[in-house]
Structures are given as structure tokens and as C-alpha cells.
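1. Here is the input, now give the coordinates:
(one chain, ligands or ions: 1)
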Amino acid sequence: MIQHNSVQKVIDAARIEEIVRDYVDLKNRGSNLTGLCPFHKEKTPSFSVSPSKNIYKCFGCGKAGGAVDFIMEIEQYSFVEAIRFLAKKYQIELEEKELTQQDRAEELEIQAFNIINQWAQEYYKNKLWNSQEGKNIGLEYFKERGFLDATLEKFGIGFAADTPSAFTQESIQKGYNIDYLKKLGLTNSHELDFFRNRIIFPLYNQTGKVIGFAGRVMGSEVKIAKYINSPESTVYKKSKTLFGLHLAKNEIRKQNNCYLVEGYTDVMSLNQAGIENVVASSGTALTEDQIHLLKRHTHTVTILYDGDNAGIKAAERGIELIVKEGLNVYVALIPDKEDPDSFIKKHGYEGFQKFLNTEVKDFILFKIQLLHQESLNDPVKRSGVIQEIVQIIAKIEDTVKRSLYLQNAAKILQLPESTLIESCNNYIRENLKNKSFAEKRKTLANDEKIIEDQKEIGFKKQNQTFLETGDEIHEKELVRILMLAGNNPWKNTEFTVAHYIIENVVDILEYFDNPFYAMLVQDVLNKIQKNESVNFNYFVNHPTKHVTNLAIEFSTFPYIYSENWESKYGIFLNKKSNGTDYIDDEIETVIKHLKFRKFNKVIQNLDKQISENPNSEDVIELIKAREEIKKIKNKLFQEVWKIES
Ligand SMILES: [Zn+2]
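-> Okay, here's the model as predicted:
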């Protein structure tokens, strides 16, 4: 694990123009450099690099970020991989945290697991191609279903014979540790083979390492499960695995779309027919981790399911998660009791494409239509349906998308749009309220983890501010100052602006309306407590993409200034061209406004406690506290609006 200060050293050393130049031919244009965007096809340059801000931004496809982000994007690296890559380029030695005894044992175990899984795959594969049983039963099964040898090779398919312990015996003979065989579930507790008389589908992680197996039983024994999977281990987590992703990921990126199917053979069939951007969630509903895996490669998912009712139900499971994660979801229902496997074999590549061209529908609109038709002549059902639809739309965090869906839903349901908007906003408020503050920011407590894991822990797209309240406007302004000017000295002291801000807002942090802003302030607080500084570079190269985006937004988009805001909110909105030269007065004013608002909430909270427990022993203390805060609030009021007392 890389030490924090090493990470910051790399981030501070990395010059965006030097890094981009390795991939893009850049030309000077004013204070910026421009070139052809490496992330989308274009003939005239819309890709811009700002050496002074140390960021890049493409005005064509919208991609933007800092040096670390650029490397992550172009090399498809994780955050940690990008840091290692840049450290090498800038010859910075990374200080690694020492592994504990336990870490080391775990690492050894993982190595052993990988070796054994590799061996098991070769063993089963060999049985499929070279044993009589494998050829007669296994190969025959696939041949009958039209699979080519090359496809079986590609997916590493194997066969487990119907013998009690042939695999286990041979493994022990070869010197593999029986405890590891048991832990991987290849051998059961009686030291017999786990997979018997089954076709073996190896399960790979996204880099193509075998991490486990699924076995489909041959013959028609009714009493045993058709499919069994390896148990979870340190290398295999079912919820984090998508079948076929290691083969599909490049094509998913190229097509900017991923087909999602139910079965292993569906994936294999489509792949064989030339449709390679396809994965299966292995029969379960999509999990959050699987969605994050997909999101690394595309934001569009097309679900292909059987057209019967079960298929529709299956498509609904997990849909809320996908919507919430901001993916575009389409659906196509395979007709005539077919599945993707049988359909493509019957109709071929072209027939399949034709089907997709006409049958792919926006999932949310599809669902609205479906619910609408079901409830046409049933007023009671209809009001339930409207609520259900609004609930789904409320989960969409992108405000533009959300309003588009509301428009369309109003048309389909023949209702005034305003009714839907109002009811949607109610859901959004409810959702926000139901999350406890602790829940909203608990994931940030351990910011070590953020560095180690570039998945978007904690922030999870919560930066989209809907219904921006007056409080949120101030919270955002505070974050803007922290990001752009946090590292500036505070009034000729040895402290920074960030120190000053944190000291002033730490007590009111739990009253923040917007959990994302609260988490960002908490993040800075954690840094300061460790005596680490935060500068603009830190945010623009943050492992969480949403933090990067916000930093870019602050530094590149001119603020739309409203005179009204200055008198109403005391926000000066960065009138100067360079966002970093805030003056101390402005910062003080923003903090005072925010505190004034939050103290109102503190007082309300105390009022509630007092009225709920009028006879408790603490009530006198609570009243005292309330009066104290009222006094401070009144003083703030006079300061904020410059009223002489
Ligand atoms: Zn671009």
C-alpha cells in the first residue's frame, strides 16, 4: 500500500502538458495547448490543456481531469496503477506501507489459489478434449448446440468426469495442498471432488485470471442442482464477477454499450456470432459491484432477456440500482419463447442486428408504458402505478435526464407535468431525509481506503444537487473556496484558508444539507488533522471522479453572477477572472452566512429536544445552550447585514 505523502508527491510533480504530450500532438494557443482528443474521434481539435491549472478538458466529449485522471482514462488504469505509472515517469520513489503478518499470509494464499485454479482449469479442459467421457458427453453436448471448437477454447470450457475423487487424487499427487483445494471448494470435506459429471465453465476476473468455476450437470438427474458454483474465496466474489467481461471489455468500450444476458451459453453464442460486447450476471440480479465494474467501460447497458413474464421480472430486478448509478438502460425482449442463445442460432448475426434495431427500447419508458397499459381501466391501480413510476424517476440523479423522463411520463400517462414534478420532488426530499448523516459520510472516515481503491467510495454520485436550497448554495461556495484557495495563507498567519474554514464549520458540519459537500469538508478535515495540506491539485487528481469533476467545474466554468445573490446570500461569486484570489473578507462573509443559517437549525433542534423532554434533568442545560447560541446568532446577524447594535 502506497503512503499518502508519496501519492501527493506524485500528484504535485506531474505536469499535465508533459503527460498529455506522450499521447497527443499539442499546439500552443494562447495560454492553453490544444490537440486532437484521444478519447473521441475528431478532425478539428477540441481537446485543451491548461498548464497553469494543470488540467485537461475536451470540449467535444466533455472528458476532463488532472494528470492522474488522464492516465487512468487513457491506459484504463486504476488510481493506484496510475500513481505507480507516474511515479516511474517522474522517478519518484514510492514509500510503501509495510505489510502486516496477516497481509503477507493473505498474499501467499492468493498466490497459491491462483496457481491451483490455473491447474484445475487445465485439468478439466484436458478431460473435455482428451478423455472418452469428455468427448462423448461434454463435447457432444456443445456440438449439438452448435458451438465451435474455437469458442470452447476461447472460454476455456472443461469437463469433470463422474468419478468420486479423480481430480483430488491427481492434485495431491502433484503436490497441491489439500487445505487449499478445500478452501477453493474443488474438494469437499470428505476429500471427494466437488464437480462431478459436469461441464465446467471457468470464471475469470476482468484481467483474465481464473478465479472459480461453474458446473452444469450432464444427464437428467432431477434431484441435484443444474448449476453449482465454486464457493466464495479471497479470489472469487460472486457479486463482483461478470461472466465474459475479460473477453468483452474492449468491445464494450468500442461500442460504448454492453449487452447483459442471463446465461453462460448466451454469452458464448453471441460471442461466436460476432457480438462480443456481452456479459452475464450469472442468474442473479445485478449487484452494485457489478455495476461499478461495467461503469469503468461504458455508461450504456442493454438488457437482453427472454420475452416471457419471468424475463420481464428478471429485467426489473437490479434496475433501480442501475438507474441510480446513472447508467443508460435499454431493454430488448427476445420473442417466441427463445433465449439469446437459441435466437441468434436461428436468425444469425444479421437477423439479430435487425431485431436489435427495431426492438431495443429505453427501459424506463418501456416500464412506464407497461404499467400504464396494465392500469388503464383501474383508477385505484392507476394511482399506485403513478407513484411507482415517479419513484423510479426520482432515483435518476442527473437533473436534465430526470426532467426529460418526467416530460415523457406525463405524455404517456396523460397527466400535467407539474403534478409529476411535484410528487417527484417529494420523493427526493424523503430520500435525503431518510439517510442519516452518519451514513452519508461514514465511508469517508477511512480515507486510506480511497487511495487504495479508486471505486467511488462514499461519494457515489451524490454531488448532483437537486433542489439546491439556500443552505446548499452556501455549502457549495465554501467547498469552492476550499478547492480553489484552501492552501492560500490566511491573513498573514502561518495557517491556511482551509484551517480557518475547518475550524469555523466543524461544529455545524452535521447540519449540512448536501451530504456530498459535507463529505468533502470532512475529507479536508481528515487531511488537516494529519498535518497534510490540500491544494487544487489534490482535488483535481482525487480518486473519486465526482470530486475531480467538481474541481474542474469550479476552475473552468465562469460563474454566472447575479446581483441579487450578493445581497441575498452574501456570495460574491468569484467576480474575478482568476478564481484563486479570494480576499479574506469574502471568505469570512461566506462563513458567517452559513453559520447564521445553521445556527437556526441548531436552535430548532434544541427546541425540539426541550419540548420532547420538558421534565428531564438536562432541560436547564439545553435551555442555557439555546440562549447562548441565540446570542451568537444575533451577533452574526448584525455582522452579516452590517447592522449596528
Ligand atoms: Zn474528446
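
2. quick one, helices of the stretch 351-500 of the chain?
-> Under the criterion DSSP state H, counting those that start in this stretch, the stretch 351-500 of the chain contains helices at 363-374, 379-394, 399-413, 417-434, 437-441, 447-452, 470-485, 497-505.

3. Name the surrounding residues that touch the third one.
-> The contact list for helix 399-413, computed with CB atoms under 8 Å, 6 or more residues apart in numbering, reads 364-365, 368-369, 372, 386, 389-390, 393-394, 396, 415-417, 419-421, 424, 464, 466. Where C-beta positions appear, they are placed from N, C-alpha and C, glycine not excepted.

4. Among the helices of the stretch 351-500 of the chain, which comes closest to the ion?
-> When the helices of the stretch 351-500 of the chain are compared by CB to the ion, helix 399-413 sits nearest the ion, at 19.6 Å.

5. Please identify the buried residues of the closest one?
-> Judged by neighbour count using 16 or more other CB atoms under 10 Å, the buried positions of helix 399-413 are 402, 403, 405, 406, 408, 409, 410, 413.

6. Next, give phi and psi for the residue nearest the centre of the chain.
-> Nearest to the mean C-alpha position of the chain, by CA atoms, centre = their mean, lies residue 292 at 4.4 Å. When read as degrees, to the nearest 10, the backbone of residue 292 gives phi -60, psi -40.

7. three-state assignment of residue 94?
-> With DSSP: H, G, I helix; E, B strand; the rest coil as the basis, residue 94 sits in coil.

8. so it sits right up against residue 88, yeah?
-> No. Here residue 94 lies out of contact with residue 88, judged by CB atoms under 8 Å, at a distance of 9.2 Å.

9. quick one: which of the two has more around it?
-> For the pair residue 94 and residue 88, the greater number of neighbours falls to residue 94 (15 against 11), based on other CB atoms under 10 Å.

10. which one is that one nearest to, not counting chain neighbours?
-> residue 6 (4.6 Å; CB to CB, 6 or more residues apart in numbering).

11. wait, the one you found sits on residue 97?
-> No. Under the contact definition of CB under 8 Å, residue 6 does not touch residue 97, with a separation of 9.7 Å.

12. can you count the residues close to residue 585?
-> Every residue meeting other CB under 10 Å relative to residue 585 is counted, giving 9.

13. Give me the neighbour count for residue 209.
-> Counted with other CB under 10 Å, residue 209 comes out at 15.

14. Around the ion, pick out the residues from the protein.
-> Neighbours of the ion within the chain, by CB under 5 Å from the ion: 37, 39, 40, 58, 60, 61.

15. if you set the cut-off to 8 Å instead, what comes out?
-> The chain comes close to the ion at residues 37-40, 42, 46-47, 58-63, as judged by CB under 8 Å from the ion.

16. that older thread, with respect to residue 1, which of the buried residues of helix 399-413 is nearest?
-> Looking at these and their distance to residue 1, the nearest is residue 402, at 39.2 Å (CB to CB).

17. returning to that earlier point: how much space is there between the residue nearest to the centre of the chain and residue 254?
-> 20 Å (CB to CB, to the nearest Å).

18. what does residue 625 give?
-> In terms of CB to CB, residue 625 sits 61 Å off from residue 254.

19. The two: who's more crowded?
-> Neighbours per residue, other CB under 10 Å: of residue 625 and residue 254, the larger number sits with residue 625, 16 against 12.
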